[in-house]
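In: Requesting a structural model of the entry that follows:
(4 chains)
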There are 2 protein chains.
Amino acid sequence: MTDEEEFLAGYDPSRYPAVAVTVDVVALTIRDGVPHVLLVERGRPPFQGLWALPGGFVKVGAEDLDTAAARELAEETGLETPGRVHLEQLATYGDPGRDPRMPVVSVAYLAFGPTMADPQAGSDASDAAWVPVPSLGLTASGAQPPGATRRLAFDHARILSDGLERARGKLEYTPLATAFLPEVFTIPELRAVYECVWGEALHAGNFHRKVLSVPGFVEGTGQTTASGGRRGGPRARLYRSGDARLLHPALLRPGTEDGVR
Amino acid sequence: MTDEEEFLAGYDPSRYPAVAVTVDVVALTIRDGVPHVLLVERGRPPFQGLWALPGGFVKVGAEDLDTAAARELAEETGLETPGRVHLEQLATYGDPGRDPRMPVVSVAYLAFGPTMADPQAGSDASDAAWVPVPSLGLTASGAQPPGATRRLAFDHARILSDGLERARGKLEYTPLATAFLPEVFTIPELRAVYECVWGEALHAGNFHRKVLSVPGFVEGTGQTTASGGRRGGPRARLYRSGDARLLHPALLRPGTEDGVR
DNA sequence: TATGTTGTACTCATATTGAGTTTTACTCAT
DNA sequence: ATGAGTAAAACTCAATATGAGTACAACATA
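Out: Here you go, the predicted model:
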């Protein structure tokens, strides 16, 4: 028997204190030019009646974290990840007391997807819905004002806030904005994603030039939209996402000049 | 008794399967123009005799993750964090079987610090040392070739690889390069940090111009070095870190043009 | 004192950006 | 049908940023 086998044999996992590991998913999409986040209404304590990010316990040792996040997203809301949904790890939260039941470490995930159907309420949730982010009235620091119509459970206001900030940054140097759109899209639609996530208007001409000049960002399909825009204008050309994983040079957002100091 | 209190009273944490939560720290510094990572030699199974990132179990519910990371760094190596060491969360790893003893979720942290004394071996470690990163022969994918002199335990080669990539990116858009230097430093010293982390030579004149033109990156002290460089040259002006948290515009590294596609 | 090295300040051609303007193709309301 | 308004895409042009090289004075070393 080697040292290592000897050690394993004498090892008793039950001596360790009970800790739970969960995943929580910040799933974002865009509806009518407004960012929406997927929330579930809690059907049981703690925080019964408040809204929370979809998530649940990880079967540590039986599944990896990415799989757990995809599973929870599907289970609690009836949404399938395999499609065009982008899923990436966001951060991990483990402050004492963040769950009143027991010590919990929560691995947060960030998901982007195109506009999807309304979700189905799952096991633990009495309701599930795409909620407009502005309606939650988040402050920059990730806090939620007392008067908000929908209050978020646990530290989910902070997690959502971190997710939004990550999304804003990701649009700068990755082509992930296309994950919010269907497989085929126009440049103005892509611009609308940026304007919606960054919350500021962009110069249409410069944006157009920039997107087409970044190698691998989008590739043309040779097609155009069937008709012009709602209120006029010519038909727009259709593009699909290119093969670039990183944008070089990046699309830096205008406002941040000397913002964060 | 409210619903919530009722629920808490009937809650039995022992029904949950045993899971351990650990922190692992990728602590980086620069010695003689070469990036070094802090490693400990494992004094007990599993992976006895191999080298690992400093880390250990988190007292979930009693300390937050950042505190646990700082504590482990200090405990296992005798290094104090409060000083000029930058510590940030990197990512969380929870693949099944990554620890042969039991299901373990590991929250990795990334630390940058100026050149420091050799560490003291701590409790679980038979030795601790600053190890030159190139000597580990990591591949881009985070794997380690079979013939390496120092083999890394667990999935620590991948964690280290992720940490290095994060460090390379952080230098582009944050002033964190200064965390590798003493409180007061020269522009050429700062350039040496970039060259060492990015692994490529930079144009001295352009780097100088760029650093001074980014608002809040560095601020002058009015002082210069006491003498010129080792091999000649005038005295260099001394600077300290400015108040910017983000670099605008960013210092993009040259090589990445159309690299990742 | 001669020689080589280096920090800092230049120059200059070329890209990249921000902010407009123009042209053209469409929708919608008369 | 026709005109008014709108928007996609192409253009212009000045301001700015970048890459590459030169210049020079201050220093160490032999």
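
In: Same question for stretch A:144-158: list its buried residues.
Out: Within stretch A:144-158, the residues that count as buried by 16 or more other C-beta atoms under 10 Å in any protein chain shown are A:144, A:151-158. Where you see a C-beta, it was placed from the backbone N, CA and C, and this is true even at glycine.

In: Ok, stretch A:36-53 next?
Out: Of the residues in stretch A:36-53, A:36-42, A:45-47, A:51-53 count as buried by neighbour count, 16+ other C-beta under 10 Å.

In: longest strand of chain A?
Out: Using DSSP state E, we find that the single longest strand of chain A is strand A:20-31.

In: How far does that one sit from its chain's centre?
Out: Here strand A:20-31 shows a centroid-to-chain-centroid distance of 6 Å under the convention C-alpha atoms, centre = their mean, to the nearest Å.

In: List the neighbouring strands of it plus their orientation.
Out: Take DSSP bridges as the rule and strand A:20-31 pairs in its sheet with strand A:34-42 (antiparallel), strand A:55-57 (antiparallel), strand A:104-112 (parallel).

In: Which two among the buried residues of stretch A:36-53 are spaced furthest apart?
Out: Spatial extent of these (C-beta to C-beta) is set by the pair A:H36 and A:P45 at 26.7 Å.

In: sorry, back to before: just send the strands paired with strand A:20-31 back as JSON lines, with distance to DNA strand D and mean pLDDT too.
Out: JSON lines is the format used below for these (distance: least, C-beta to the nearest atom of the strand, whole Å; pLDDT from 0 to 100):
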{"stretch": "strand A:34-42", "distance to DNA strand D": "17", "mean pLDDT": "95"}
{"stretch": "strand A:55-57", "distance to DNA strand D": "37", "mean pLDDT": "94"}
{"stretch": "strand A:104-112", "distance to DNA strand D": "22", "mean pLDDT": "97"}
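
In: Strands along the stretch 51-200 of chain A, start to end?
Out: Taking DSSP state E, counting those that start in this stretch as the test, the strands found in the stretch 51-200 of chain A are A:51-52, A:55-57, A:86-93, A:104-112, A:125-132, A:184-185.

In: Could you list the paired strands of the fifth one along with their orientation?
Out: Yep, that's strand A:125-132 we're talking about. strand A:34-42 (antiparallel).

In: For the strand it pairs with, list the C-alpha coordinates in CSV.
Out: Taking C-alpha atoms only, strand A:34-42 is exported to CSV below (Å, rounded to 0.1, in the frame of the first residue of the first chain):
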residue,chain,number,x,y,z
VAL,A,34,-34.0,47.0,-22.9
PRO,A,35,-31.8,44.5,-21.1
HIS,A,36,-33.7,41.8,-19.3
VAL,A,37,-32.6,39.4,-16.6
LEU,A,38,-34.1,36.0,-15.9
LEU,A,39,-35.5,35.8,-12.4
VAL,A,40,-37.5,33.3,-10.4
GLU,A,41,-39.9,34.1,-7.6
ARG,A,42,-39.0,32.1,-4.5
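
In: Now find how far off-centre that strand is within its chain.
Out: 11 Å.
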